[in-house]
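> Let me see the structure of the following:
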Amino acid sequence: MKIVVIGGTGLIGSKLVSKLGEHGHEAVAASPDSGVNTLTGEGLADVLQGAHTVVDVSNSPSFEDAAVLNFFTTSTRNQLAAEKEAGVGHHVALSVVGTERLAESGYFRAKIAQEKLIKESGVPYSIVHATQFFEFVKSIAQAATEGNTVRLSPARIQPMAAEDVATAVARTAVGSPQNATVEVAGPEQFGLDELIRKGLSFRGDPREVVTDPTARYFNAMLQDGELLPGSEATIYKTRFEDWLNQQ
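A predicted model of the protein is given here:
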């Protein structure tokens, strides 16, 4: 099966291409470096020839409100239009658990818009909602840092390893279209503040993590439970402490 991975050279995309290839699929990593630009449409028609499935794991280079909205809506429209022309049978997109509850954030408004385009496109689809990745602990801390202090909400989160995210997306990509959203998560819950505190402490980072219920997450005020998956989510096994020890 030919599967085109948009964003195939990134954190999730590179792992996904490897996993699909190991299972005998023709996995094609599509990115600007390979001549495929989803914002302009350049290269899409050529790379989608003979493709059964397109998996979009790309992310916006800018999180500024207007830029991120433009990225996800323009890129998704171009992909879906090219997929219809090429007769692609399955569009898979990676998104975030809690997206629909965090519309106060420009980033999540853009993801909501992306998902709406997919659902209304007529192309058979599956949307994978994953919880936050362990790999983003450092960038979350950096975004919340003021001086030597990291201010974070205690809202609970159930993060997972990028390796497990790639496995979940690969399984979805080789399956039948769900025409629905599926959720995946890690095995443990933490307060967001607790998660980052553990991660920084493990690395010997001297910054102090301060619990602040008013601290914003991608510009959204968090209510407890908004970042948690539902009861039907598929739970993967990698624990945060084990992941840290593997780094």
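
> Just give the nearest non-adjacent residue to residue 154, would you?
In this structure, residue 154 finds its nearest non-sequential neighbour in residue 191, 4.0 Å apart by Cβ to Cβ, 6 or more residues apart in numbering. Where you see a C-beta, it was placed from the backbone N, CA and C, and this is true even at glycine.

> how about the closest residue to residue 145 other than its chain neighbours, what does it touch?
Leaving aside its sequence neighbours, residue 145 sits nearest to residue 207 (Cβ to Cβ, 6+ apart; 6.4 Å). Going by Cβ atoms under 8 Å, 6 or more residues apart in numbering, residue 207 touches 141, 145, 148, 149, 150, 200.

> Please repeat the previous calculation with a cut-off of 6 Å.
Residues near residue 207 by Cβ atoms under 6 Å, 6 or more residues apart in numbering: 148, 150, 200.

> quick one, phi psi at the second one?
Just to be clear, that refers to residue 150. Per-residue torsions, residue 150: phi -110, psi 110 (degrees, to the nearest 10).

> doesn't residue 140 make contact with it?
No - using Cβ atoms under 6 Å, residue 150 makes no contact with residue 140, being 8.7 Å away.

> Show me what secondary structure element comes after the longest helix along the chain.
Criterion DSSP state H: the longest helix present in the chain is helix 65-86. Where DSSP states H and E defines the elements, the next helix or strand beyond helix 65-86 is strand 90-96.

> quick one, that next one and helix 65-86 angle?
In terms of direction (axes from the mean of the first three to the mean of the last three Cα atoms, to 10 degrees), strand 90-96 departs from helix 65-86 by 160 degrees.

> Direction included, what does strand 90-96 pair against?
Next to strand 90-96 in the sheet, as set by DSSP bridges, lie strand 53-56 (parallel), strand 125-130 (parallel).

> Among the contacts of residue 207, which has the minimum pLDDT value?
The lowest pLDDT within those belongs to residue 148, with 93.

> Quick check: closest non-adjacent residue to that residue.
Nearest to residue 148 is residue 207, by Cβ to Cβ, 6+ apart, at 5.4 Å.

> Now do stretch 95-103: distance to the chain's middle.
11 Å (Cα atoms, centre = their mean, to the nearest Å).

> ends of that stretch, how far apart?
Criterion Cα to Cα, to the nearest Å; first-to-last residue distance in stretch 95-103 is 14 Å.

> got it, and stretch 42-52?
20 Å.

> contacting residues around it?
Residues contacting stretch 42-52 (Cβ under 6 Å, 6+ apart): 1, 2, 4, 30, 35, 36, 82, 86, 88, 89.

> and that stretch, which residues are buried?
43, 44, 47, 48, 51, 52 (16 or more other Cβ atoms under 10 Å).

> What is the nearest of those to residue 70?
residue 44 (17.2 Å; Cβ to Cβ).

> and the closest one, how far is that from residue 50?
13 Å (Cβ to Cβ, to the nearest Å).

> got the residue ranges for the strands in the protein?
2-6, 26-30, 53-56, 90-96, 125-130, 145-146, 149-152, 156-157, 181-185, 190-191, 208-211, 216-217, 220-221, 234-235 (DSSP state E).

> Spit out the contact partners of residue 3.
20, 25, 27, 53, 173.

> what sits opposite the nearest residue to residue 55 once chain neighbours are set aside in the beta ladder?
Closest residue to residue 55 apart from its sequence neighbours, by Cβ to Cβ, 6+ apart: residue 92 at 4.4 Å. Judged by DSSP bridges, the bridge partners of residue 92 are residue 55, residue 126.
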